[in-house]
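>>> Kindly generate the corresponding structure for this input.
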Amino acid sequence: MNSTREWVVETWHAGAPALHHRPVPVDGRRRISILEFNEPALVLGSRGRDPQMCETTTRRQSGGGIVWLDPRESTWIDVTLPRNDPLWSDDLSRSFHWLGETIAAAFVDLGLNAGTHKANLVGTGSWCFDGIGPGEVILSDRKLVGIAQRRTRHSARFQCVWYRHFQGPQGLTEVNSKGIGWADAGLNCSMTEVRNLVVSKLLAA
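Predicted coordinates:
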């Protein structure tokens, strides 16, 4: 663990269930958690139905739809803000905007015309990338980065996932028209390069 400016940056290596059940920090500091996992997993939202499609299934404590995590294609980071932070917003919809705009700026630097969704939730379905919510990162009306939020009395944890090649789990027959991976859009670089640029943009926030 190391501190950069006002941020704490940390890397965790574990299975997806263990990573999702980490306690939310209460130390009053901004935090970027880089989360690395070895096996694919299906992650349900706090109230989502379990489609029973994967041996490793866990439930997160933030809202939103089901997310498929694959270590070969997915990048997952958590961003935690204390309640007294200048970036904090009591408005749940607006609270995503600064984060989405910061992540989008990293993709712009890499050459993609990324932006953020400014309106209310569009799309329906049980999967996270079936819809696009306020502040999420978009590319040509497709969802590039999904963001979910969990709030406690002391802080907010934003859970962010994006893909190299967008995919769902094996056996999923439903066609998803809203998700896109950055390599699907023609970006040619490593997953580590993309993640590191996103983290550097967050450190400057």
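>>> Just the mean pLDDT for the strand or helix carrying residue 104, thanks.
In the assignment (DSSP states H and E), residue 104 maps to helix 97-110. Here helix 97-110 scores 98 as its mean pLDDT.
>>> now do stretch 12-23
94.
>>> That stretch: end-to-end distance?
13 Å (C-alpha to C-alpha, to the nearest Å).
>>> in this protein, which residue is closest to the centre?
residue 160 (1.1 Å; C-alpha atoms, centre = their mean).
>>> A helix includes it, no?
No: secondary structure of residue 160 (DSSP: H, G, I helix; E, B strand; the rest coil): strand, not part of a helix.
>>> I'd like to check which residues are in contact with it.
76-79, 99, 103, 145-147 (C-beta atoms under 8 Å, 6 or more residues apart in numbering). For glycine as for every other residue, the C-beta is placed from the backbone atoms N, C-alpha and C.
>>> now with 6 Å?
Taking C-beta atoms under 6 Å, 6 or more residues apart in numbering, we find residue 160 in contact with 77, 145, 147.
>>> How about residue 143?
129, 132, 178-179.
>>> Among those residues, which one has the most neighbours?
Within the contacts of residue 143, residue 129 tops the neighbour count with 28 neighbours, counted by other C-beta atoms under 10 Å.
>>> biggest separation within the contacts of residue 143, which pair?
Using C-beta to C-beta, the contacts of residue 143 span at most 9.6 Å, a distance reached by 132 and 179.
>>> My guess is residue 30 contacts residue 7. True?
Yes: at 4.7 Å, residue 30 counts as touching residue 7 under the criterion of C-beta atoms under 6 Å.
>>> now the helices: where do they sit in the protein?
16-20, 97-110, 191-203 (DSSP state H).
>>> Any chance of a markdown table for those helices, columns mean neighbour count and distance to residue 84?
Listed next are those as a markdown table, based on neighbours: other C-beta atoms under 10 Å; distance: least, C-beta to C-beta, whole Å:
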| stretch | mean neighbour count | distance to residue 84 |
| --- | --- | --- |
| helix 16-20 | 19 | 26 |
| helix 97-110 | 20 | 15 |
| helix 191-203 | 17 | 18 |
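>>> quick one: which of the contacts of residue 160 is nearest to residue 164?
residue 145 (12.4 Å).
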